[in-house]
Every structure is written in structure tokens, then in C-alpha cells.
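Asks: below are the sequence and a predicted model for it; my questions follow.
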Amino acid sequence: MSTRQVDIVDHYAELGVAPNASPADIASAYRALAKSLHPDARPTDPAAAERFKRVTAAYRVLADVGRRRDYDERRAHGLAPVSAQERPTGTTAPASPPSRRSARWAIAGGIACLLLGVAATVLIVSLQRHDADLRSRGKSATATVVLEGTERRLEFTTATGQTIRAPEPLRTGTGQKPVGSQVQIRYDPEHPTQVITNDDKLARDITLWIVAVKLIVVGGFFVWWGARRLRRAAPTA
């Protein structure tokens, strides 16, 4: 069986009538062709049997008011896909082009991913600058991991004797230390709740950068795909 993609089937040409033919003209043309091509009339002619199938498929489309209207609309745009009942035996229908709506959704989704990727990039750069600033001017201390309700905190005493419970910094890829563990930190003397642990932040930064890059790449792909399909899409509502 051939799997080549068929061109748009011209049902009017199959029946030998004009596109503006009346229902009576279509029925008359079909009856004449069916009579001469029917397998009972030409039992040893495979070509006639194949033509009979195409003529019958064309008549089924054009004789139905709704199907004919839909077919004429698709045909006017050069987009009339052949359905399973309409196409000749041994061929496959061409894929319908994507609609403008789906292409626009792809572009919108891509832009959203790009914006999230940019936001993630800004967050990463901000975290890295914050960490570098605390390392350079922060004060060192030893903190204890404690629970405050359901949240983990780092409790330590500043150089001035003030007891502080600061939120535990984001840890990615290095696991969490058990409650009660001691952690070496650096804190901001002016804002002691801003702390950074002395742990290596490479794993965290790599994880966040991977997320940001994926969002930007995926977003860029969807914008490209949507714009490309939008140029080829059928003008649908």
C-alpha cells in the first residue's frame, strides 16, 4: 500500500461538474458515472472499480449541504484535507496545518518561559552578589539549627551579645543538617538576620542556573515554533 501524501482531492473534477453546480446537476453526474463504473457493469476492470470509489466519495461530500460547505471553505484556502471516507484507497491524508490559535498559545507560553528564565537569572545573580557581600564584610559566628514552629532557623549570638534567630539560607544539592547541629556562618552586622553559611554554594548555583537556562531555551523554542507555524497556519476563528 502506498503511503505517499495525497494532494487536495477535487471532488468537483471527480464528478465532472463545476464548483457552482446545483445539487440536481451533482446527482445527475453521479448517477451517470456510477452506472458506467459500477463493478457489476465492469467486473474485470480494476481501474473502473477504483474510479467508482472516488466518484462515490466525492458524491457523499457534495450531496451533503453541511459537508459541501465545509469542503468549499477548506478548498478556497487550499487546505481541504481528505478524510478517511473521502480519500482514495492506498493513500494517506496530509496532516492538517496548525491553527492560528494554537500557534499564538505557543508564542504566549514561550514568552512566559522566557520571562521566568530572566527572572530566575536575576535571582541567581542577586543571590551570588548577596553572598559575596556578606563574605567580604560579614561577621563570623557559630549558629545552631533550631525549629521555630515548622520552620528551620539559625540561632546565634552577635558580637554585641544579641541572640538572633535568622531564616536558614537556601540549600540546594547539599542536604539539610539535623536540628541541633552547629553551622559556621557570617552575618550582616547592620542586619543580623541576613546570614550566609560557610558551605560551598556551587551546587545551589549550578541547580538554579540549569533551571534558568532550561526556561530560556524552552521559551525560545516555543516562540520560534509558534511564529513559524503562525505563518503557515490556517486562518481559523
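Replies: Nice, thanks for sending it over.

Asks: now the top strand by length along the chain: mean pLDDT?
Replies: Criterion DSSP state E: the longest strand present in the chain is strand 139-148. For strand 139-148, the mean per-residue pLDDT is 90.

Asks: likewise stretch 57-69?
Replies: 90.

Asks: re the thing from before, what residues does the next helix or strand after the longest strand of the chain touch?
Replies: The element immediately downstream of strand 139-148 (helix or strand, assigned by DSSP states H and E) is strand 151-157. Outside strand 151-157, the residues within contact range by CB atoms under 8 Å, 6 or more residues apart in numbering are 141-147, 163-168, 176, 179, 183, 185, 187, 195, 197. To be clear about C-beta, it is placed using only N, CA and C from the backbone, and glycine gets the same treatment.

Asks: just checking, what packs against the helix or strand following strand 151-157?
Replies: Of the helices and strands lying after strand 151-157 in sequence (DSSP H and E), the nearest is strand 163-167. For strand 163-167, the packing partners by 3 or more CB pairs under 8 Å, 6 or more residues apart in numbering; DSSP states H and E come out as strand 139-148, strand 151-157.

Asks: swap in 6 Å and give it another go.
Replies: Here strand 163-167 touches strand 151-157, going by 3 or more CB pairs under 6 Å, 6 or more residues apart in numbering; DSSP states H and E.

Asks: how's this structure carved up into domains?
Replies: Domain segmentation of the chain under automatic domain parsing yields 11-96, 101-231.

Asks: least confident of those, on average?
Replies: Minimum mean pLDDT among the domains of the chain: domain 11-96, a mean of 80.

Asks: on that earlier part again, please pick the buried ones from the contacts of strand 151-157.
Replies: 141, 143, 145, 164-166, 168, 183, 185, 187, 195, 197 (16 or more other CB atoms under 10 Å).

Asks: the longest strand of the chain vs strand 151-157, what angle?
Replies: Counting by axes from the mean of the first three to the mean of the last three CA atoms, to 10 degrees, strand 139-148 lies at 140 degrees to strand 151-157.

Asks: parallel or antiparallel, which strands does strand 139-148 pair with?
Replies: strand 151-157 (antiparallel), strand 182-187 (antiparallel) (DSSP bridges).

Asks: ranges for the helices of the protein?
Replies: 11-15, 23-37, 46-62, 65-76, 100-137, 202-232 (DSSP state H).

Asks: once you drop chain neighbours, what's closest to the residue nearest the centre of the chain?
Replies: Centroid-nearest residue in the chain, with CA atoms, centre = their mean: residue 106, separated by 5.8 Å. Leaving out its chain neighbours, the residue that sits closest to residue 106 by CB to CB, 6 or more residues apart in numbering is residue 226, at 3.3 Å.

Asks: so who does residue 143 touch?
Replies: 154, 156, 183, 185 (CB atoms under 6 Å, 6 or more residues apart in numbering).

Asks: quick one: it and residue 157, what's the gap?
Replies: According to CB to CB, to the nearest Å, residue 143 stands 9 Å off from residue 157.

Asks: just residue 195 next, same as before
Replies: Applying CB to CB to residue 195 and residue 157 gives a distance of 13 Å.

Asks: distance between the ends of stretch 59-71?
Replies: 12 Å (CA to CA, to the nearest Å).
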